[in-house]
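A.B. asks: This is the structure alone, sequence omitted:
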């Protein structure tokens, strides 16, 4: 099993040639890359896209690496149905990183005086984007108190030759690390790793307890320690086999305008005064590949985030309600939970546990185990037939949520809602669902009665 991006790409292209598309014609990073992806999604096609020629840059671009669970599962040699089990195993049994002194990413170096972010094929995806953005960079930063490293995805807006605006969600781990150093008037050293094995995406999107090492989770997913190199700035660390690494720092007490940017919510949101990153040097492999994640509500952006989110939410809710059956994130800020309800109040306990586990959550719907939570028609049916608003809806105003929610009254302050769509008093005592006997469904062969080719 490969542990770097290019190894994964080579293996996947060989094994799945119909799911890997090399685009040889030159494309413009302004809108055209997003347009090609959008047209393919409209046709329900989700191949990995490898753009060999991008206008204004010497780097090829790969995107859609995370567009299906199959691709990500293949990268760590598991069945896609085993994602939750594998992810929670990696969280509970992390494999610590190993420090090395050299690696492929050290093949070339560009110093501070020569760094120019414009050399990278940064994208403008949608009409609402304020500037070119780096979206697939994994930001690594060390907590000044525990010494642990945090890995996260943070959008980076081009501001100048060696400057970028960074969006850090208030209340999330990177923001807390930055705030602790800013309180001391100190800059936060960071590295931005671009072009990583898919396991890095799953680790960087971990939403659990503060201080837990995402590097250990990534190692757990890969089954071996990730090799890390100490950076030139004190406290910096980065993966030895990344394609491109930017080293720099986030300056304290400096805010400049960043955004708007078309986010996973489907809206151009997030304009505000935010911290600034200064890039001190760049490390890169020979013939480096630039990895991109198309912003907005594109498949890749949504799929990679839901895998660790659902795993962490399932674990957190199950600790409060052992009869939880499954969880599903169908849309931004929303969660559906299925459970075997044994007594009244369990649905509400599941809601509270979910809201406590994930700050971004705004709406939680709880249904019985007979409802397929991946079928939104069934979920809405349960809400319509098992819910009374005055009895089954709880509302929690003035709570910290996502600053990317365009409906928030203030930045990140929202009203959260839980809907108990379970049968009352219990599923066994509720009116029976329409159901054809299973024996008849199994026995009857439709083509014996209907010419399907004529329909």
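C.D. replies: Noted; the coordinates are in hand. The model shown is predicted, which means the values in this text are computed figures rather than measured ones.

A.B. asks: Can you give me the domain assignment for this structure?
C.D. replies: Here the domain parsing of the chain from automatic domain parsing is 5-296, 321-420.

A.B. asks: Quickly find the element holding the residue nearest to residue 290 when sequence neighbours are not counted.
C.D. replies: Leaving aside its sequence neighbours, residue 290 sits nearest to residue 59 (C-beta to C-beta, 6 or more residues apart in numbering; 4.2 Å). (Glycine included, C-beta is placed from N, CA and C.) Assigned by DSSP states H and E, residue 59 falls within no helix or strand.

A.B. asks: one step back: let me have the domains of the chain in a markdown table, extended by distance to residue 302 and mean pLDDT.
C.D. replies: A markdown table is the format used below for these (distance: least, C-beta to C-beta, whole Å; pLDDT from 0 to 100):
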| stretch | distance to residue 302 | mean pLDDT |
| --- | --- | --- |
| domain 5-296 | 6 | 94 |
| domain 321-420 | 8 | 94 |
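
A.B. asks: Turn those into CSV, including distance to residue 309 and mean neighbour count.
C.D. replies: Output for those, formatted as CSV (distance: least, C-beta to C-beta, whole Å; neighbours: other C-beta atoms under 10 Å):
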stretch, distance to residue 309, mean neighbour count
domain 5-296, 6, 19
domain 321-420, 6, 18
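
A.B. asks: now these as CSV including distance to residue 306?
C.D. replies: Below are these laid out as CSV (distance: least, C-beta to C-beta, whole Å):
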stretch, distance to residue 306
domain 5-296, 9
domain 321-420, 5
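
A.B. asks: what sits against residue 417?
C.D. replies: Neighbouring residues of residue 417 by C-beta atoms under 8 Å, 6 or more residues apart in numbering: 362-364, 393-396.

A.B. asks: For the residue nearest to residue 290, give its distance to residue 222.
C.D. replies: 25 Å (C-beta to C-beta, to the nearest Å).

A.B. asks: Between the two ends of stretch 164-172, how far is it?
C.D. replies: This stretch, stretch 164-172, spans 20 Å end to end (C-alpha to C-alpha, to the nearest Å).

A.B. asks: picking that back up, can you say which of the domains of the chain is nearest to residue 430?
C.D. replies: The minimum distance between residue 430 and these falls on domain 321-420, with 7.4 Å, by C-beta to C-beta.

A.B. asks: Now do that closest one: distance from first to last residue.
C.D. replies: Using C-alpha to C-alpha, the gap from the first to the last residue of domain 321-420 comes to 14 Å.

A.B. asks: Off-centre distance for it?
C.D. replies: On the basis of C-alpha atoms, centre = their mean, to the nearest Å, domain 321-420 is displaced by 20 Å from the centre of the chain it belongs to.

A.B. asks: What of stretch 20-38?
C.D. replies: On C-alpha atoms, centre = their mean, the centre of stretch 20-38 falls 22 Å from the chain's centre.

A.B. asks: ditto for stretch 64-81
C.D. replies: Distance of stretch 64-81 from the chain centroid (C-alpha atoms, centre = their mean) equals 14 Å.

A.B. asks: residues in contact with it?
C.D. replies: Contacts to stretch 64-81, defined as C-beta under 8 Å, 6+ apart, come from residues 1-2, 5, 8-9, 12, 15-16, 19, 37, 46-49, 82-83, 86, 197-199, 201-202, 221-223, 291, 293-294, 299-300, 303-304, 307.

A.B. asks: what's the span of it from first residue to last?
C.D. replies: End-to-end for stretch 64-81, by C-alpha to C-alpha: 20 Å.

A.B. asks: what about residue 85, is that helix, strand or coil?
C.D. replies: Following DSSP: H, G, I helix; E, B strand; the rest coil, the label given to residue 85 is helix.

A.B. asks: what about it, distance to residue 340?
C.D. replies: 20 Å.

A.B. asks: got it, and residue 322?
C.D. replies: According to C-beta to C-beta, residue 322 and residue 340 sit 9 Å apart.

A.B. asks: ok, back up a step: looking at the contacts of stretch 64-81, which are in helices?
C.D. replies: Among the contacts of stretch 64-81, DSSP state H puts 5, 8-9, 12, 15, 37, 83, 86, 198-199, 201-202, 221-222, 299-300, 303-304, 307 in helices.

A.B. asks: just to revisit the earlier point, what residues are up against the residue nearest to residue 290?
C.D. replies: 119-121, 244, 288-290.

A.B. asks: go again using 7 Å as the cut-off
C.D. replies: 120-121, 288, 290 (C-beta atoms under 7 Å, 6 or more residues apart in numbering).

A.B. asks: Between its first and last residues, how far does stretch 86-105 reach?
C.D. replies: Stretch 86-105: ends 28 Å apart by C-alpha to C-alpha.

A.B. asks: how far out from the middle of the chain is that stretch?
C.D. replies: Relative to its parent chain, stretch 86-105 has a centroid offset of 19 Å by C-alpha atoms, centre = their mean.

A.B. asks: how near is residue 336 to residue 218?
C.D. replies: Separation of residue 336 from residue 218 (C-beta to C-beta): 28 Å.

A.B. asks: how close does residue 271 get to residue 127?
C.D. replies: Residue 271 is 14 Å from residue 127, by C-beta to C-beta.

A.B. asks: Kindly apply the preceding question to residue 133 instead.
C.D. replies: From residue 133 to residue 127 the distance is 14 Å (C-beta to C-beta).

A.B. asks: Could you do residue 423 as well?
C.D. replies: In this view, residue 423 and residue 127 are 46 Å apart by C-beta to C-beta.

A.B. asks: for residue 330, same thing?
C.D. replies: Distance of residue 330 to residue 127, computed by C-beta to C-beta: 26 Å.

A.B. asks: Please apply the same query to residue 243.
C.D. replies: Separation of residue 243 from residue 127 (C-beta to C-beta): 29 Å.

A.B. asks: who's in contact with the residue nearest the centre of the chain?
C.D. replies: The residue lying closest to the centre of the chain (C-alpha atoms, centre = their mean) is residue 305, at 2.5 Å. Applying C-beta under 7 Å, 6+ apart to residue 305 gives the contacts residue 205.

A.B. asks: Quickly list what residue 268 is bridged to.
C.D. replies: Beta-bridge partners for residue 268, by DSSP bridges, are residue 262.

A.B. asks: That one reaches residue 262, doesn't it?
C.D. replies: Yes. If you go by C-beta atoms under 7 Å, residue 268 and residue 262 touch, sitting 4.8 Å apart.

A.B. asks: Check the contact lists of the two and give me the overlap.
C.D. replies: Common contacts of residue 268 and residue 262, defined by C-beta under 7 Å, 6+ apart, comprise 126, 128.
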